[in-house]
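1. Quick one, what's the 3D model for this:
(chains A, B, C and D)
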Protein chains: 2
Amino acid sequence: MFQKVLIAEDHETINYSIQKTLEDLGIPNHSKNYAYYCDDAIKRIEKALKEGEPYELLITDLSFEEDIPNQHITTGQDLIKAARKIQPNLKVLVFSIENRIKVAQSLFKDLNIDAYVPKARRDAKDLKTAIETIYQAKKHLSPNLKKDIGEEKFYKFTNFDIIIIKLLSNGVLQKEIPYHLQQKNIKPSGLSSVEKRLSLIKTTLNIFSNEQLIAYCKDKEII
Amino acid sequence: MFQKVLIAEDHETINYSIQKTLEDLGIPNHSKNYAYYCDDAIKRIEKALKEGEPYELLITDLSFEEDIPNQHITTGQDLIKAARKIQPNLKVLVFSIENRIKVAQSLFKDLNIDAYVPKARRDAKDLKTAIETIYQAKKHLSPNLKKDIGEEKFYKFTNFDIIIIKLLSNGVLQKEIPYHLQQKNIKPSGLSSVEKRLSLIKTTLNIFSNEQLIAYCKDKEII
DNA sequence: CCTGCAATTACGGTTTCCCGTAATTTACTG
DNA sequence: CAGTAAATTACGGGAAACCGTAATTGCAGG
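-> As a prediction, the model looks like this:
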């Protein structure tokens, strides 16, 4: 198991509960392995690296309260970037209240994080398995998000898609959509094109009705 | 009756027909009282104000074709804001193809417009009475929208409502809902009951489709 | 100018939805 | 137990959505 883990989390109680989880996993807690500010966290990573005892894992939140001015790094995203810059092999686990799939997705894609665990009711257990999974050099996704991320990979919504879905969500009947598209000088405006597009989206995403599609798009903040 | 009225409308034919309506109402048309672009409209308002003969009423569309680049103001909403900034007492009548109640509602609420007339079959008459009503310093709403705007209609969603809406948002077809309700031993389970309920909700909230209903419920966090 | 390919649109049959009306069941009262 | 009112369900016709196929259009290469 990991020997050196750094926690970046500004809420003291959460910070403490993560420490507790680490203890349960048999990760030693002899030195101060936590930070309440990103700037403090990056300093510790830097120092540990220089001393030849680098951190193996960073557990960080995404949003930090800016209650002290003149902090250089104020978000988890920036902390991850800065940390990877000085120590590329550092594993990163994001532990955040943010439960929107798009945010988690971009973290994996853009920052190549190793695990994402949303703060939730049963998150301690989730956290443990995440850390164990990372230790095996694998990626980890909270189960409830996992299936969503898989789905989303398959379909990229175009502007055209979003326009017609927005029209639907505003109560425009499908057969009236061509008229609205013409008003906006949007290129494919035939009813068949609209139907084809909606049909493609739905079969791709395993969605069975327009109603479910609207719900999906609202959840994913596509509209 | 008003003596100076400005029309902002990019469709020439509609612009002309509004002028016709004004003539019918005995509003003089000796100067050029119309504009095809928002920027032009605001200039005229400004000029008239400086010359000590300000416009009393602005009749404007909401959407303008952006066929000429580098326009500062491109929507009716922005035109109204700009106009009110330099001449707060200017009356405003919105005349638009937009027939969704929410849009009209937000115009009254956010921009404090004086009348809203949707472009429709019998809109000339509607326009006349609207102008006459404004002249008496009252607000005007097109009759078909009036009843809707009233006070924010609150619909209390019952558990039954929420169950069927959730089923819909999960991709269950309407005709399959009775089966699911029976599975859960929920009392009214007939298809007709489901249809009646959905119909009641939609007419009460002025919602036109199931898609819009789902969007509404997601926004209001009902589901 | 022709040709082939892809995109778009038109069309027709089937399913589902919508909505009014009628029949049935349920619940309550005397 | 009968009677009645309300709730629920059944039914049917018309509108909209769905979906496969065919016709049309647009466009690049020859």
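2. Could you list the buried residues of the longest helix along chain A?
-> Ranked by residue count and defined by DSSP state H, the top helix of chain A is helix A:191-205. If you call a residue buried by 16 or more other C-beta atoms under 10 Å in any protein chain shown, then helix A:191-205 has these buried ones: A:193-194, A:197-198, A:201-202, A:205. In this view, the C-beta of every residue, glycine as well, is placed from N, C-alpha and C.
3. Centroid-nearest residue for chain A?
-> A:Ala104 (1.3 Å; C-alpha atoms, centre = their mean).
4. tell me the mean pLDDT for the helix or strand hosting that one?
-> Taking DSSP states H and E as the criterion, A:Ala104 maps to helix A:101-106. Mean pLDDT, helix A:101-106: 75.
5. what's next to the helix or strand just after it, contact-wise?
-> Along the chain past helix A:101-106, the next helix or strand (assigned with DSSP H and E) turns out to be strand A:115-118. Here strand A:115-118 makes contact (C-beta atoms under 8 Å, 6 or more residues apart in numbering or on different chains) with A:92-99, A:104, A:107-108, A:123, A:126-127, A:130-131, A:133-134, A:139-142, A:144-145.
6. Among these, name the ones in helices.
-> Under the assignment DSSP H, these contribute A:104, A:123, A:126-127, A:130-131, A:133-134, A:144-145 to helices.
7. tell me the contacts of A:Lys175?
-> A:Lys175 is in contact with A:Leu191, counting by C-beta under 8 Å, 6+ apart.
8. quick check, it in a helix?
-> Yes - read with DSSP: H, G, I helix; E, B strand; the rest coil, A:Lys175 is one of the residues of a helix.
9. distance of it from DNA strand D?
-> A:Lys175 sits at a distance of 3 Å from DNA strand D (criterion: C-beta to the nearest atom of the strand, to the nearest Å).
10. what separates that residue from DNA strand C, distance-wise?
-> 11 Å.
11. pLDDT value on that residue, please?
-> As summarised for this prediction, A:Lys175 has a pLDDT of 90.
12. Pull up the residues of chain A that are close to chain B.
-> Applying C-beta under 8 Å from any C-beta of the partner chain, we find that chain A lies next to chain B at A:168-173, A:183, A:207-215, A:218-219, A:223.
13. Give me the subset of those residues that lies in helices.
-> Residues from these lying in helices, with DSSP H as the criterion: A:168-169, A:183, A:210-215, A:218-219.
14. Would you mind listing the buried residues in stretch A:42-53?
-> For stretch A:42-53, the neighbour count (16+ other C-beta under 10 Å) marks A:42, A:44-45, A:48 as buried.
15. What of stretch A:68-86?
-> Judged by neighbour count using 16+ other C-beta under 10 Å, the buried positions of stretch A:68-86 are A:73, A:76-77, A:79-80, A:82-84.
16. near DNA strand C too, which of the ones in helices among the contacts of strand A:115-118?
-> Judged by C-beta under 7 Å from any atom of the strand, the overlap between the ones in helices among the contacts of strand A:115-118 and the neighbourhood of DNA strand C is nil.
17. any idea how chain A splits into domains?
-> Structural domains of chain A, as assigned by automatic domain parsing, span the residue ranges A:5-145, A:154-219.
18. where among those is the average confidence lowest?
-> With a mean of 84, domain A:5-145 has the lowest mean pLDDT of those.
19. mind checking how far that domain is from the chain centre?
-> Between the centre of domain A:5-145 and the centre of its chain there are 13 Å (C-alpha atoms, centre = their mean, to the nearest Å).
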